[in-house]
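# 3D, please:
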Amino acid sequence: MIKMLPFEISGVFGVQVDDFRDFRGGFTRVWESNPEIPKFLIQEISYAFNPSANTLRGIHFQSGEFAESKYIFCVSGVAFDVCLDLRIGSNTYLQNISVEIGPDCDFQGIYLPAGTAHAYLTLQNDTNLIYLMDKPYEANASSGFKWDDECFQIPWPHSPELISDRDNSWPRFEQ
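Numbers count the residues shown, from 1 in each chain. From the prediction side, this is the model:
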């Protein structure tokens, strides 16, 4: 059974799963339809593997007709996961939430609605995540913001050691 627990940002849910373990290993249901998010129809699934702790990815989002809802599920390790609300008119516009996700954390996944941006920092080696998205990736609609933009006041536990040139060069947010 999968539990979807709402966070402070409307439409964002922390995901708790029950896993079954015995002498053979384990079995975990990664996704099941949920009445909290009835219009989430998976169009794309991606896998992100991160061999090293302190790897940062983000802050990413797709805009316009390619704005996507996404479900991120941490298969191994621990990720400090961040959701940033970019929905103009939202009561939580420009606010963020952060949560540690992983098999041994309170939450193993997070669901983010379209109009929000996503980032994470790995806290352990071999932190691996599965992404389920309701829109296909479109390079021309892909965008982001600088991970340490003071405007967002994201409470990163520490600075990253590994970050792509692209992620490190996203612009800062201009109001």
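# which SS state does residue 167 fall under?
Following DSSP: H, G, I helix; E, B strand; the rest coil, residue 167 is assigned to helix.
# Local confidence estimate at the closest residue in space to residue 32 that isn't next to it in sequence?
Take residue 32 and drop its neighbours on the chain: the residue closest to it by CB to CB, 6 or more residues apart in numbering is residue 2, 5.3 Å away. The way it works is simple: take the backbone N, C-alpha and C, and place the C-beta from them, glycine included. pLDDT for residue 2: 91.
# roughly how far apart are residue 113 and residue 13?
9 Å (CB to CB, to the nearest Å).
# mean confidence for stretch 73-84?
Mean predicted lDDT for stretch 73-84 stands at 98.
# tell me how far the ends of that stretch are from each other?
17 Å (CA to CA, to the nearest Å).
# do stretch 139-156 as well
27 Å.
# residues in contact with the closest residue to residue 161 other than its chain neighbours?
Distances taken as CB to CB, 6+ apart put residue 54 closest to residue 161, at 3.9 Å, once the chain neighbours are dropped. Residues near residue 54 by CB atoms under 8 Å, 6 or more residues apart in numbering: 121-123, 158, 160-162.
# Which of those has the largest number of neighbours?
In terms of neighbours by other CB atoms under 10 Å, these top out with residue 121 at 29 neighbours.
# Can you check the pLDDT for the residue of the chain most remote from its centre?
Most distant residue from the mean C-alpha position of the chain: residue 23, 31.8 Å away (CA atoms, centre = their mean). Looking at residue 23, its pLDDT reads 91.
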